[in-house]
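Peer 1: Give me the fold of what follows.
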Amino acid sequence: MRVRRFEWEGAAQTAARMRGWSSKLEPQVAVDEIFDQVVGRGNEAPREGGADEGVILGLTNRYDATKRARTSLEVDRGLADEALTALEPGLREALDAAAANVRTVAEAQISKPGPIELTQGQRVTVRDVPVEAAGIYAPGGRAAYPSSVLMCAIPARVAGVGRIALASPPGADGDLNALVLAAAALCDVDEIYAMGGAQAIFALAYGTQAIAPVDLIVGPGNAWVREAKRAVYGQVGIDSLAGPSELMVVVGHDADAEWIALDLCAQAEHGADSPLVAVAVEERVLASVTAAAEKAAGERPGVEDAPLALVLVPDLSDAIDLANAYAPEHLELVEEDAALLAGRVTTAGCVFAGRYSATAFGDYVAGSNHVLPTGGAGRFSGPLGPGVFSRKIATVEVPAEAAAKLAPHVDAIARAEGFPVHGESAMIRGEDG
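Peer 2: Numbering: from 1, shown residues only. Have a look, this model is predicted:
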């Protein structure tokens with residue numbers, strides 16, 4: 001691991017220095033060319049009929065299905081049912097448990113607001129209305145992420161989305177991973193497309209001759225996917241612009257250093273640009289975790305290059321202040337009073353409280369969502385949930401009596417703003433009331 005010690009300079013300053021060290025300056029991802037190929041906009045309006053499906057298929061075969069080209073983007077939905085049936089029983093049981101827990105937590109987030117009666121007699125009702133269609137992106141290619149299908153599709157279903165379209169890059173053989181297909185069947189995904197990268201995002205946003213456009217696109221992806229989501233925002237909604245996965249651990253005096261080392265290495269499996277942070281009050285604890293992490297990383301291929309930042313803080317209160325300033329995607333509190341400390345955390349994407357609460361549980365089966373804000377975005381956003389798939393609509397009912405009471409106020413404000421006809425519109429009703 002690439003270990004670096006950071007001296008305590010206060011929460012805000014220390015967090016800023018850690019962010020600057022662990023963040024890689026990525027090359028500018030050139031998605032404009034793909035956008036022009038797929039959507040055909042250039043300096044003109046997008047081509048009639050949406051994106052060019054043939055171009056998307058060509059890009060998919062170029063970047064993903066390199067050994068056996070696909071002839072169609074659409075994947076037969078029946079293949080997903082077959083994949084689910086063919087799962088090894090233990091794996092099927094695990095996916096069922098994960099899906100049930102994610103669904104339970106998602107359903108608990110759905111509110112049932114009623115009408116609000118106001119003093120003057122008017123009634124305002126604010127209700128949540130799901131988007132008509134949602135596009136889900138599940139990374140693929142070298143690895144399979146059925147868990148991402150569950151984390152995205154189940155909250156969409158709970159929210160009441162009518163149509164869910166899944167896009168995932170095929171492997172070199174041109175086929176989608178069987179685990180991804182099985183997860184799609186488990187979540188009752190409506191449409192499945194073998195396409196990945198920026199072209200998949202553009203196809204979902206603008207539609208093609210055979211793919212109807214969606215209203216919202218969610219799900220994790222690489223830098224190409226992130227930049228494409230940035231490009232289509234406004235045409236459709238997006239969940240977030242997620243960057244590399246990250247983990248901060250506040251390590252208590254009695255924590256098991258080997259357990260913490262495995263937590264850090266597990267997060268490092270996401271890539272060498274995944275920031276890792278270990279925070280402790282005692283020097284011996286920090287030294288023990290460092291030694292264990294370096295040993296564990298050296299014995300596990302693929303995690304040895306992750307950046308591990310070490311911070312010795314004056315006390316636990318400073319550790320929480322640092323966490324709030326850093327806003328990590330995942331925060332583990334391996335302390336005796338973890339539950340109490342968790343209540344002071346205001347910015348982390350997800351908090352794992354207690355020695356047994358490893359981040360890995362949240363990534364798969366705990367019921368929380370693993371699509372979380374990264375790069376400090378926890379300061380203004382949170383986990384993916386049903387609320388992302390809906391928008392609020394307000395209904396206003398103004399009876400005659402309320403109109404009479406409210407109209408003079410409308411008239412006064414409207415005229416002050418230079419919109420006298422607004423006032424007239426209200427007053428004519430107030431006079432009738």
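Peer 1: Could you list the low-pLDDT ranges of the stretch 101-250 of the chain?
Peer 2: 111-112, 141-142 (pLDDT under 70).
Peer 1: Start from the N-terminal end of it and give the strands.
Peer 2: 116-117, 123-130, 133-137, 163-168, 191-194, 216-218, 237-238, 247-251 (DSSP state E, counting those that start in this stretch).
Peer 1: List the contacts of stretch 352-370.
Peer 2: 94, 97-98, 101-102, 104-106, 147-148, 151, 155, 247, 255-256, 259, 262-263, 266-267, 330-334, 338-339, 341-342, 350, 383-385 (Cβ atoms under 8 Å, 6 or more residues apart in numbering). (Glycine included, C-beta is placed from N, CA and C.)
Peer 1: hang on, the earlier thing: what's the closest of the strands of the stretch 101-250 of the chain to residue 398?
Peer 2: strand 123-130 (8.1 Å; Cβ to Cβ).
Peer 1: Please name every helix or strand in contact with the closest one.
Peer 2: strand 116-117, strand 390-397 (3 or more Cβ pairs under 8 Å, 6 or more residues apart in numbering; DSSP states H and E).
Peer 1: So what are the sheet partners of it and their directions?
Peer 2: strand 116-117 (antiparallel), strand 390-397 (antiparallel) (DSSP bridges).
Peer 1: just so I know, which of the helices and strands packed on strand 123-130 lies nearest residue 183?
Peer 2: So among the helices and strands packed on strand 123-130, strand 390-397 is nearest, using Cβ to Cβ, at 22.7 Å.
Peer 1: Please pull up the helix or strand immediately following that closest one.
Peer 2: helix 400-417 (DSSP states H and E).
Peer 1: Output the contacting helices and strands for whichever helix or strand comes after that following helix.
Peer 2: Next along the chain after helix 400-417, taking DSSP H and E as the criterion, comes helix 420-432. With contacts defined as 3+ Cβ pairs under 8 Å, 6+ apart, the packing partners of helix 420-432 are helix 400-417.
Peer 1: Okay, buried residues for the helix it packs on please.
Peer 2: The neighbour-count check on helix 400-417 (16 or more other Cβ atoms under 10 Å) flags 402, 403, 404, 406, 407, 410, 411, 414 as buried.
Peer 1: how about that helix as PDB, C-alpha atoms only?
Peer 2: Extracted C-alpha coordinates of helix 400-417, given in PDB (Å, rounded to 0.1, in the frame of the first residue of the first chain):
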ATOM      1  CA  ALA A 400     -64.000  30.800  -2.400                       C
ATOM      2  CA  GLU A 401     -63.600  31.800   1.200                       C
ATOM      3  CA  ALA A 402     -59.900  31.300   1.100                       C
ATOM      4  CA  ALA A 403     -59.600  33.100  -2.200                       C
ATOM      5  CA  ALA A 404     -61.200  36.200  -0.600                       C
ATOM      6  CA  LYS A 405     -58.700  36.200   2.300                       C
ATOM      7  CA  LEU A 406     -55.600  35.500   0.100                       C
ATOM      8  CA  ALA A 407     -56.300  37.600  -2.900                       C
ATOM      9  CA  PRO A 408     -55.300  41.000  -1.400                       C
ATOM     10  CA  HIS A 409     -52.000  39.500  -0.300                       C
ATOM     11  CA  VAL A 410     -51.300  38.200  -3.800                       C
ATOM     12  CA  ASP A 411     -52.200  41.600  -5.300                       C
ATOM     13  CA  ALA A 412     -49.900  43.500  -3.000                       C
ATOM     14  CA  ILE A 413     -46.900  41.200  -3.600                       C
ATOM     15  CA  ALA A 414     -47.500  40.900  -7.400                       C
ATOM     16  CA  ARG A 415     -47.800  44.700  -7.900                       C
ATOM     17  CA  ALA A 416     -44.600  45.200  -5.900                       C
ATOM     18  CA  GLU A 417     -42.800  42.800  -8.200                       C
END
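Peer 1: counting contacts, what elements does that helix pack onto?
Peer 2: With 3+ Cβ pairs under 8 Å, 6+ apart as the test, helix 400-417 has helix 420-432 packed against it.
Peer 1: and the helix it packs on with helix 400-417, angle?
Peer 2: 160 degrees (axes from the mean of the first three to the mean of the last three Cα atoms, to 10 degrees).
Peer 1: Could you export the buried residues of helix 400-417 to a markdown table, including columns for distance to residue 288 and pLDDT?
Peer 2: Output for the buried residues of helix 400-417, formatted as a markdown table (distance: Cβ to Cβ, whole Å; pLDDT from 0 to 100):
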| residue | distance to residue 288 | pLDDT |
| --- | --- | --- |
| 402 | 68 | 94 |
| 403 | 71 | 94 |
| 404 | 74 | 94 |
| 406 | 67 | 94 |
| 407 | 72 | 94 |
| 410 | 67 | 94 |
| 411 | 72 | 95 |
| 414 | 68 | 93 |
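Peer 1: if we can go back for a sec, any chance of the helices and strands packed on strand 123-130 in CSV with distance to residue 301 and mean neighbour count as columns?
Peer 2: Output for the helices and strands packed on strand 123-130, formatted as CSV (distance: least, Cβ to Cβ, whole Å; neighbours: other Cβ atoms under 10 Å):
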stretch, distance to residue 301, mean neighbour count
strand 116-117, 58, 11
strand 390-397, 43, 12
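Peer 1: Make CSV from the ones you listed and add distance to residue 52 to it.
Peer 2: As requested, those are exported to CSV (distance: least, Cβ to Cβ, whole Å):
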stretch, distance to residue 52
strand 116-117, 48
strand 390-397, 30
